[in-house]
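Asker: coordinates only, no sequence provided:
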């Protein structure tokens, strides 16, 4: 297999040689046609000049002799029937009539008759040009001719000079290609040595190609590759640590789910065993226990629904179904439902009529989760406020520490000081996902010991608001 500098040399040489060979063939035929056409033009111009002196000659033979002596062309004169009247190079009596010659026939119907043909009289190829002129009151055909061999003699002389130039160009091309090949060989050797140094872990090796910009670009790429190879071990270590962290987080999630399901499951088992063991249990107590079983079962169902919804939202398996509705009416419905769920708590609502375009079911879930979250983190009243620009839920609870504000909306995260049943830390995560689907964002403001405010903008809900008094 050839090396790159050898391929470069051979390809460059082949390119130069091929170009010159093709140029030679094209030039050969083009130049040949040019020289022949140039002689034909000269014959035409000569005929025009000598035709001006046709009426000053004594006879045809003298006229033709003068033309031959002055131009060195073969000169002939014919009548309109092709009979020879005069001939400069041979006895005219030995020439047969030329009425069927191409140049004679064309001269009768065209300004000039031109022919390149074999002359049987002289056993040689000729270039003939004929024209009808007036000679001593008669219309005759004047023909001038030159041998093709004399024309080609000039052509071959010129072509030999051009061929010598082509050979010189090829020789120069060989020298240039050889020098370029040697330069490429040098730069390639530098790169090869650099790669050898890198394979031996010598990352401080120096590479400076001297001739080709492309090799300099390769050098820069190789140096970047060395940096990447050097940093890859660090990245592998970081990636391994990250995998361990992810595994730990997954274990923590499973532990959190197990912990949250443990209390309601234990309660169901306990109440069920009590009912099974005591068939004479008081009816009121029995109904109370059945209610507890039902309540804990609903807690498990709710937790499963939230977990499934959070997974769908995170995997983008859930799409919004926007409709136009009154957000004020939805807020009032949610407030009433939660007030009935928590009769001992106060939920206050302040709002205005606002028509929005959104997924009503998802927005219901957002507002419900925000209020439910506020109730669980505070003992005082919770306020839901609807303005022209946003919705916000405020509480007067324990507040959130600054370092927990960015984590509070993560899955399975809860404020460490608090724990309650039916909570896996999914509420705010679901809220964030749903708002993201609506091109909105959850904003949290909180002060420890004072309370928290959760809000989101309605700017992307394409709504028009009208003031409404509560």
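Answerer: Great, that's in hand. Just so you know, these numbers come straight off a predicted model, no measurement behind them.

Asker: any chance you could map the helices in the protein?
Answerer: Ranges of helices in the chain, per DSSP state H, are 4-51, 60-71, 102-109, 148-199, 213-277, 283-314, 327-341, 360-376, 427-437.

Asker: can I assume residue 140 is in contact with residue 130?
Answerer: No. Contact criterion CB atoms under 8 Å: residue 140 and residue 130 do not qualify, at 10.3 Å. Placement of C-beta: from N, CA and C, glycine included.

Asker: who's in contact with the nearest residue to residue 455 once chain neighbours are set aside?
Answerer: Nearest residue to residue 455, sequence neighbours excluded (CB to CB, 6 or more residues apart in numbering): residue 392, at 3.5 Å. Residue 392 makes contacts with 384, 385, 453, 454, 455, as judged by CB atoms under 8 Å, 6 or more residues apart in numbering.

Asker: also residue 44?
Answerer: Per CB under 8 Å, 6+ apart, neighbours of residue 44: 112, 129, 131.

Asker: I figured the first one was touching residue 129, is that so?
Answerer: When you say that, I think you mean residue 112. Yes. Counting by CB under 8 Å, residue 129 is a contact partner of residue 112 at 5.8 Å.

Asker: who's more crowded, those two?
Answerer: Just comparing residue 112 and residue 129: by other CB atoms under 10 Å the higher neighbour count belongs to residue 129, 26 against 16.

Asker: what's the closest non-adjacent residue to that one?
Answerer: residue 43 is the one closest to residue 129 (CB to CB, 6+ apart), at 3.8 Å.

Asker: swap in residue 359?
Answerer: In space, residue 359 comes closest to residue 320 once its chain neighbours are excluded; the distance is 4.0 Å by CB to CB, 6+ apart.

Asker: neighbours around that neighbour, how many?
Answerer: By other CB under 10 Å, the residues close to residue 320 number 14.

Asker: same deal with residue 184?
Answerer: 22.

Asker: what about it, distance to residue 195?
Answerer: Computed with CB to CB, to the nearest Å, the distance linking residue 184 and residue 195 is 16 Å.

Asker: before we move on, what about residue 247?
Answerer: 39 Å.

Asker: the two: which is more packed in?
Answerer: Counted by other CB under 10 Å, residue 247 and residue 195 do not tie: residue 195 has more neighbours, with 13 against 10.

Asker: which residues touch the more buried one?
Answerer: So residue 195 contacts residue 222 (CB under 8 Å, 6+ apart).

Asker: now the lengthiest strand in the chain against helix 60-71, angle please.
Answerer: Looking across the chain with DSSP state E, the single longest strand is strand 124-135. Relative orientation of strand 124-135 versus helix 60-71 (axes from the mean of the first three to the mean of the last three CA atoms, to 10 degrees): 120 degrees.

Asker: which secondary structure elements does strand 124-135 contact?
Answerer: Judged by 3 or more CB pairs under 8 Å, 6 or more residues apart in numbering; DSSP states H and E, strand 124-135 is in contact with helix 4-51, helix 102-109, strand 113-119, strand 138-147, helix 148-199.

Asker: and it, how far out from the chain middle?
Answerer: Distance, stretch centre to chain centre, for strand 124-135: 68 Å (CA atoms, centre = their mean, to the nearest Å).

Asker: what lines up beside that strand in the sheet?
Answerer: Within its sheet, strand 124-135 is paired with strand 113-119 (antiparallel), strand 138-147 (antiparallel), according to DSSP bridges.

Asker: so which of those is the most packed in?
Answerer: Neighbour counts (mean count of other CB atoms under 10 Å) averaged over each of the strands paired with strand 124-135 peak at strand 138-147, with a mean of 20.

Asker: quick one, strands of the stretch 351-470 of the chain?
Answerer: Per DSSP state E, counting those that start in this stretch, the stretch 351-470 of the chain carries strands over the ranges 353-358, 382-386, 390-395, 442-447, 451-457, 464-466.

Asker: so what does the first one touch, helix or strand wise?
Answerer: Packing partners of strand 353-358 (3+ CB pairs under 8 Å, 6+ apart): strand 323-326, helix 327-341, strand 464-466.

Asker: list phi and psi for the residue of the chain positioned farthest from its centre.
Answerer: No residue in the chain sits farther from the centre than residue 58, which is 86.4 Å out by CA atoms, centre = their mean. With angles defined as degrees, to the nearest 10, residue 58 sits at phi -70, psi -40.

Asker: now do the same for it: its pLDDT.
Answerer: On the pLDDT scale, residue 58 is placed at 71.

Asker: and it, how far is that from residue 82?
Answerer: Taking CB to CB, one finds residue 58 at 24 Å from residue 82.

Asker: who's in contact with residue 105?
Answerer: Contacts of residue 105 (CB under 8 Å, 6+ apart): 99, 113.

Asker: how near is it to residue 140?
Answerer: Separation of residue 105 from residue 140 (CB to CB): 15 Å.

Asker: again with residue 132
Answerer: 7 Å.

Asker: residue 63: how many residues sit nearby?
Answerer: 25.

Asker: mind listing what it touches?
Answerer: Neighbouring residues of residue 63 by CB under 8 Å, 6+ apart: 53, 54, 57, 77, 86, 135.

Asker: ditto for residue 40
Answerer: Contacts of residue 40 by CB under 8 Å, 6+ apart are 114, 127, 129.

Asker: pick the one among the residues you listed closest to residue 65.
Answerer: Distance to residue 65, by CB to CB, is smallest for residue 129 among the contacts of residue 40, at 18.9 Å.

Asker: could you check the pLDDT of that closest one?
Answerer: 94.

Asker: likewise residue 74?
Answerer: So, for residue 74, pLDDT stands at 91.

Asker: skipping adjacent residues, who's closest to it in space?
Answerer: residue 145 (4.3 Å).

Asker: hmm, residue 127 and the one you found touching each other?
Answerer: Yes. Residue 145 is in contact with residue 127 according to CB under 8 Å; the separation is 6.5 Å.

Asker: quick check: neighbours shared by those two?
Answerer: residue 43.

Asker: and residue 163, how many neighbours does it have?
Answerer: Residue 163, neighbours per other CB under 10 Å, totals 15.

Asker: I'd say it and residue 23 touch.
Answerer: No. Here residue 163 does not reach residue 23: they are 11.1 Å apart, not a contact under CB under 8 Å.
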